[in-house]
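A.B. asks: How does the following fold in three dimensions:
(chains A and B)
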Protein chains: 2
Amino acid sequence: MEGVAQESIAFAGRYKLNNLILIWDDNGISIDGAALTDIDVPARMEAAGWHVMSIDGHDFEQITDALEDAGDCDMPVFIQAKTTLGRGSSAAGTPRAHGLGLDMAELERLASEFETEKGISLWGQVAAVSKNGGSDIQAWTTPDMSGLEMTWDAGVAVSTRELSGRFLETLMGRGGDLIVGSADLGGSTNVKGAFAHDIMPGEFIGNYINYGVREHAMGAVMNGLAAAGMRPVGATFLAFSDYMRPSIRLAALSGLPVTYVFTHDSIAVGEDGPTHQPIEQLPSLRLMPNLNVFRPCNGAEIAFAWTYAMSDTACPSCIVLSRQKVMQIAAPENADLSRGAYIIKPASGRRVRATIVATGAEVPLAVSVAGILGDDIQVVSMPCVSIFRAQSDEYKKKILRGYVVAIEAAAAAPWFEFADAVVGIDEFGVSGDGASVYARCGFDAETIARQIKDSLGK
Amino acid sequence: MEGVAQESIAFAGRYKLNNLILIWDDNGISIDGAALTDIDVPARMEAAGWHVMSIDGHDFEQITDALEDAGDCDMPVFIQAKTTLGRGSSAAGTPRAHGLGLDMAELERLASEFETEKGISLWGQVAAVSKNGGSDIQAWTTPDMSGLEMTWDAGVAVSTRELSGRFLETLMGRGGDLIVGSADLGGSTNVKGAFAHDIMPGEFIGNYINYGVREHAMGAVMNGLAAAGMRPVGATFLAFSDYMRPSIRLAALSGLPVTYVFTHDSIAVGEDGPTHQPIEQLPSLRLMPNLNVFRPCNGAEIAFAWTYAMSDTACPSCIVLSRQKVMQIAAPENADLSRGAYIIKPASGRRVRATIVATGAEVPLAVSVAGILGDDIQVVSMPCVSIFRAQSDEYKKKILRGYVVAIEAAAAAPWFEFADAVVGIDEFGVSGDGASVYARCGFDAETIARQIKDSLGK
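C.D. replies: Next comes the predicted model:
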C-alpha cells in the first residue's frame, strides 16, 4: 500500500533487478480489519515488470519450488503466498492475531501442531540461497581523498551548487564505489557531470542512477546501497527532502553513510514559488539525531563538507546548496573549519560588541551587515551546527562573543540555542524573482543592520 | 512515478471513485531525459481498478470523445494521451522543452500554427463537464460546538489519546460534515468510535474512511476534502507523520482546515522501539508556518485543542497525544488556555525563582519536579507554542518568570526561544517498556530536579 513500496516496485521492474524476490504474505488482513488492498495486486506487479507466482503460503513444498524457480528469472520475482493470519489459533483470520497476544497454553498447543522441523529446514534453504546470491559482492571502497583540493576564487559570485558539482566531479574521478543519482533533477542539482555513467536496465556497470521522480525510493535504495558497503549520493531540491524524510531517518537510525545533496535551499529560488521555497526543512533536518547537515558558503566549506561526509561511515550527511550565486568570501588563515563554526570576518579590535552568525548564502549578507555596523562586529560562519554543538564550552564562548544575532533564510526558533536574536522566516515565501523575494522577506543588509543597531542601542 | 500518486491511484480504484478523470500527458520525457516510467502504465492502472483509454493527445476529437465516454463509467477513468513535448518547436521531444524558454519569434510562429480557437472551445467543454460534475455538492457544515463539554477527572491517570477519542466521539454525534479516517490505525489512535460509519467502495454515505497503510494519500485526500468544504480528520502515529509531511505542508500553504491526530507521541510508546519513537517530529511540525500543533496534557486542553481546530478554517491543526496514561492535573480557576500557555501550578509566594515549561505527558512530571524543588517554582503548560508566540510581550513575561527550564520528550533546540535550559532528547530512543525507556532517557523527577538545583545554585 505504501507509496515508497510502489516507487521501489516500479524501479525494480524498470531496472530488471533479477536478484530480488519479494514474498507477499497475502492474508487479507490489516490492523483495522479486512485489508483494502489494490483491486488486483498480481496484475499490478506484472505491469510493473515483475514475474509473478502464486502459491499456498502454508505449503512448504510450494514455497521451496517457488524459490527455486525464482533463481532462473531475468526480472524481479513476486511470490503471492496466500495465508491465514494466526492459522490454527482462536484469532485465526482476524486483526486480533496481529497485535494482541495469545495465551501461553494456546501458543504451546500451536507450537506442537505446526511442522516446526520442516519450517526450520526450509528457512535453512532460504538462508543458503541468500548466501549464494551474495557471492559476487566485492569489497567496496571509498574514493581516494588524499590531496583532493577545491579550486575557487574569493571575490567571485558563484552558486554553491556549481562549486559542489565541481568537487563531486573530481571525487568521481578518484575511483571508489560512489553511486551517484538524482530524482530527476541531476542537471539542476549539478550531480551529473562528465564522470557520470548511467546504470541501465539489466546493466549495472555504471555509477549513476536515474531514480525518476521518486525521492522516497531514492532514499530507500540509497540505504540498501550503503548497507551493502557502497557510498551512495542522491540529489533533489531541499523542499522535496520532505518526500524522503522517513528514509533519511532510517539512514540516521541505522548509521548508514549516505550523502544527500539538497539544492535550491531557500526563498531565493524565486519564480517557482512557495512550493519550491524551503522554510522549515533546513532546521527540521538539523533536529534529526545522528545526521550532519552542512550548509557551506564557499569553496573551502564545500570541500570540508564533502570530505567530512566521505570520511564519516557511521552517519549520513546533507549538503545544502544554493541555486543563486553567492559572493565567495575567504576566511582568515587560522580559520578552523573542522569545528563546525569559525570566525570568517574578525572584528578589528579586541572588543567584540556583537557576533553575527550565518550559514551558506547568508554569510556574505552578514559580512555586509557587519560592514555597515562597524569594526567591533564579527561574523561567524557555521556550516555545520551539530559539529559546532559538540565542541567545548570554551571554544563556543570564544566564537560567540557579545550580542549574538543569527541570520538564516529559514524558520528561526532553533537558532535561539546560540543567539540572542534571529533574522529568519516564519511564514511561507512568495513567487517572484529570487533577489526581490529575498529582499521582501527582510534579507537586506540595510534593514538588518538597522534592526541590530536598535537592539544594541537598548 | 511519485508514491503519493500510486497510493491515491490504488485508493481511487479501490473505492470506485467514478467522478474522477486522470489525463496522462504521455510524452515520454522527464526533466533529466527519457522517462524511466513503469514498464506498462496502462496495465498498472487497469490492475488498480481504473478504466483505461488511449488516445492521440494532439487530436481534439479524440480528446472530446474520451471525455464524453468517461462520463458513463462506474470507475475512475485514466486517459493515456500520447503527445510530443514542445510539438512543432525546435526543442520538440527533448527535455529542453520543459524548462528552458523558446525565443519570442519561435513562440509567435507556434501560436500561429496551432489551432488555438479549437483548443479554447475544447477547454470550454472540459469546464462545462467539471461544473456539471459538481452539481450534487451540498453546502457543508462544521459540527455544532455549542455547549460541548469534556468530562474528565483530576487525579486520574488516563492516556490523552483516550480522552481525545471520547471528545471526538461526542463531536461526531453533533452532525456537520466531519470525515474522519486513519491510515490503518483507527483503533490505536482512538478515532474510530461508535459514531464512525465506514465509507465503502461505491457507497459514500458514511463518515469514516479506511485509508489503508497510506499516510501520504490520506494527507492528500484530506486536502481535497477540505478544499471541497468538508472537515477532514485523519489519524496515525506521530512517528509516521513524516510519511505525509508534503501533504501537511500543502494544507498549511493552502490554508486548509485539516485536523491531524498523531498519537504515540514520544519514547514512552515503548516496545516498538526507535522506529516508532518520535524525537524530531514534534518540534519539526512546529517549525512549519501556518500550522497549529497542540500537545494537550488534560481533558480541558483536549477540549480546547479540538474546539480551536474546528473553529479555525484557515489553518490546519495537529493534535499530538500520548499512548501511555497521563496523570490528570487541574489548572487554577483563572487559567486562560486560549493564550496557548498558562500557569497550571502557581508558586505559593510572590517570588518565582524558576518556571518549568512542559507540554502533554511531561506536565505531571514538571509538577513533580516543582514539588521537589520548592514553593517558589511554578509550572507552565504550553499546549500550543504558535498561539503563545502570538501573545503580547507583556503576557509572555508574566508567564515565564525567573530561570526558565523546558521539559519535553523531544529534540531540544527550538525550546531555547523561551527557555534558559531544556530537558529534551537529542538521540534516538531504545526498545523497552515505556516507563523504563522514559526514565532511561532522563525523564525522571529526581534527576531533573537535581539538574535544575545545580543550575539555580550557580
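A.B. asks: Tell me the helices and strands packed up against the helix or strand where A:Ala220 lies.
C.D. replies: In the assignment (DSSP states H and E), A:Ala220 maps to helix A:215-227. If you count contacts as 3 or more CB pairs under 8 Å, 6 or more residues apart in numbering or on different chains; DSSP states H and E, helix A:215-227 packs onto helix A:3-14, strand A:178-182, strand A:231-237, helix A:245-254. No exception for glycine: its C-beta is placed from N, CA and C like everyone else's.
A.B. asks: and the second one, which strands flank it?
C.D. replies: Counting by DSSP bridges, the strands paired with strand A:178-182 are strand A:208-210 (parallel), strand A:231-237 (parallel).
A.B. asks: which other residues reach the last one?
C.D. replies: Think strand A:231-237. With contact meaning CB atoms under 8 Å, 6 or more residues apart in numbering or on different chains, strand A:231-237 is reached by A:140, A:142-143, A:168, A:176-183, A:185-186, A:188-189, A:191, A:211, A:215, A:218-219, A:221-222, A:225-226, A:243-244, A:257-264, A:269, A:276, A:278, A:310.
A.B. asks: pLDDT averaged over it - what is it?
C.D. replies: Strand A:231-237 carries an average pLDDT of 97.
A.B. asks: How about the first one?
C.D. replies: Per-residue pLDDT values across strand A:208-210 average out to 96.
A.B. asks: from the stretch 1-150 of chain A, which residue is nearest to chain B?
C.D. replies: A:Gly3 (2.1 Å; CB to the nearest CB).
A.B. asks: quick one, helices of the stretch 1-150 of chain A?
C.D. replies: For the stretch 1-150 of chain A, the helices defined by DSSP state H, counting those that start in this stretch cover A:3-14, A:41-47, A:60-70, A:96-99, A:104-113, A:116-133.
A.B. asks: Sheet-wise, list the partners of whatever helix or strand comes next after the last one with their directions.
C.D. replies: It refers to helix A:116-133. Per DSSP H and E, the first helix or strand lying C-terminal to helix A:116-133 is strand A:157-159. Within its sheet, strand A:157-159 is paired with strand A:325-327 (antiparallel), according to DSSP bridges.
A.B. asks: if we can go back for a sec, list only buried entries from the contacts of strand A:231-237.
C.D. replies: Buried members of these, counted by 16 or more other CB atoms under 10 Å in any protein chain shown: A:142-143, A:168, A:176-183, A:185-186, A:188-189, A:191, A:211, A:215, A:218-219, A:221-222, A:225-226, A:243-244, A:257-264, A:269, A:276, A:278, A:310.
A.B. asks: sorry, back to before: right, and the residue of the stretch 1-150 of chain A closest to chain B touches B:Arg214 too?
C.D. replies: Yes: assessed by CB atoms under 8 Å, A:Gly3 is found in contact with B:Arg214 at 7.2 Å.
A.B. asks: Can you pull the residues that touch both of those two?
C.D. replies: Common neighbours of A:Gly3 and B:Arg214, counting by CB under 8 Å, 6+ apart, are B:Glu7.
A.B. asks: Pretty sure A:Ala449 sits against A:Ile377.
C.D. replies: No: A:Ala449 lies out of contact with A:Ile377 (CB under 8 Å); the separation is 9.3 Å.
A.B. asks: Those two: which is more packed in?
C.D. replies: A count of neighbours by other CB atoms under 10 Å in any protein chain shown puts A:Ile377 above the other of A:Ala449 and A:Ile377, at 27 against 19.
A.B. asks: Out of the helices of the stretch 1-150 of chain A, indicate the one that is most buried.
C.D. replies: helix A:3-14 (a mean of 24; mean count of other CB atoms under 10 Å in any protein chain shown).
A.B. asks: relative to helix A:215-227, how tilted is that one?
C.D. replies: 70 degrees (axes from the mean of the first three to the mean of the last three CA atoms, to 10 degrees).
A.B. asks: Residues contacting helix A:3-14, please?
C.D. replies: Under CB under 8 Å, 6+ apart, the answer for helix A:3-14 is A:20, A:22, A:45, A:48-50, A:75-76, A:201, A:211-212, A:214, A:216-217, A:220-221, A:246-247, B:1-7, B:10, B:36-39, B:214, B:216-217, B:243.
A.B. asks: Going through the residues you listed, which ones are buried?
C.D. replies: Restricting the contacts of helix A:3-14 to buried positions leaves A:20, A:22, A:45, A:48-50, A:75-76, A:211-212, A:214, A:216-217, A:220-221, A:246-247, B:1-7, B:10, B:36-39, B:214, B:216-217, B:243, with burial counted as 16+ other CB under 10 Å.
A.B. asks: who's in contact with A:Arg249?
C.D. replies: Counting by CB under 8 Å, 6+ apart, A:Arg249 makes contact with A:288, B:242.
A.B. asks: now A:Met53
C.D. replies: Taking CB under 8 Å, 6+ apart, we find A:Met53 in contact with A:66, A:69-70, A:77-80.
A.B. asks: which residues does it bridge with?
C.D. replies: The partner residues for A:Met53, given DSSP bridges, come to A:Ile79.
A.B. asks: how many other residues sit next to A:Trp306?
C.D. replies: 26.
A.B. asks: Quick check: phi and psi on the closest residue to it other than its chain neighbours?
C.D. replies: Excluding its sequence neighbours, the residue lying closest to A:Trp306 (CB to CB, 6 or more residues apart in numbering or on different chains) is A:Phe167, at 5.3 Å. Dihedral angles of A:Phe167 (phi, psi; degrees, to the nearest 10) stand at phi -70, psi -40.
A.B. asks: what does the stretch 351-458 of chain A put close to chain B?
C.D. replies: Residues of the stretch 351-458 of chain A lying near chain B by CB under 8 Å from any CB of the partner chain: A:411-414, A:416-417, A:426-428.
A.B. asks: CA atoms only: put stretch A:288-308 into PDB for me.
C.D. replies: Only the C-alpha atoms of stretch A:288-308 are listed here, as PDB (Å, rounded to 0.1, in the frame of the first residue of the first chain):
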ATOM      1  CA  MET A 288      17.200  14.700  13.400                       C
ATOM      2  CA  PRO A 289      19.600  12.800  15.600                       C
ATOM      3  CA  ASN A 290      22.800  11.400  14.000                       C
ATOM      4  CA  LEU A 291      22.500  13.400  10.800                       C
ATOM      5  CA  ASN A 292      25.100  16.000   9.800                       C
ATOM      6  CA  VAL A 293      23.600  19.000   7.900                       C
ATOM      7  CA  PHE A 294      26.100  21.100   6.100                       C
ATOM      8  CA  ARG A 295      25.300  24.500   4.500                       C
ATOM      9  CA  PRO A 296      28.500  25.700   3.100                       C
ATOM     10  CA  CYS A 297      29.100  29.300   1.900                       C
ATOM     11  CA  ASN A 298      32.300  29.000  -0.100                       C
ATOM     12  CA  GLY A 299      34.600  26.500  -1.800                       C
ATOM     13  CA  ALA A 300      36.600  25.700   1.300                       C
ATOM     14  CA  GLU A 301      33.400  24.800   3.200                       C
ATOM     15  CA  ILE A 302      32.200  22.700   0.300                       C
ATOM     16  CA  ALA A 303      35.400  20.700   0.200                       C
ATOM     17  CA  PHE A 304      35.100  20.400   4.000                       C
ATOM     18  CA  ALA A 305      31.500  19.100   3.800                       C
ATOM     19  CA  TRP A 306      32.300  16.500   1.100                       C
ATOM     20  CA  THR A 307      35.400  15.300   2.800                       C
ATOM     21  CA  TYR A 308      33.600  15.000   6.100                       C
END
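A.B. asks: Pull the distance from it to the chain's centre.
C.D. replies: Counting by CA atoms, centre = their mean, to the nearest Å, stretch A:288-308 is centred 13 Å from the centre of its parent chain.
A.B. asks: next one: stretch A:440-457
C.D. replies: 34 Å.
A.B. asks: swap in stretch A:366-383?
C.D. replies: The answer for stretch A:366-383 is 31 Å, by CA atoms, centre = their mean.
A.B. asks: Which of the helices and strands in chain A ranks last by mean pLDDT?
C.D. replies: Between all helices and strands in chain A, the lowest mean by mean pLDDT, DSSP states H and E belongs to helix A:116-133, at a mean of 70.
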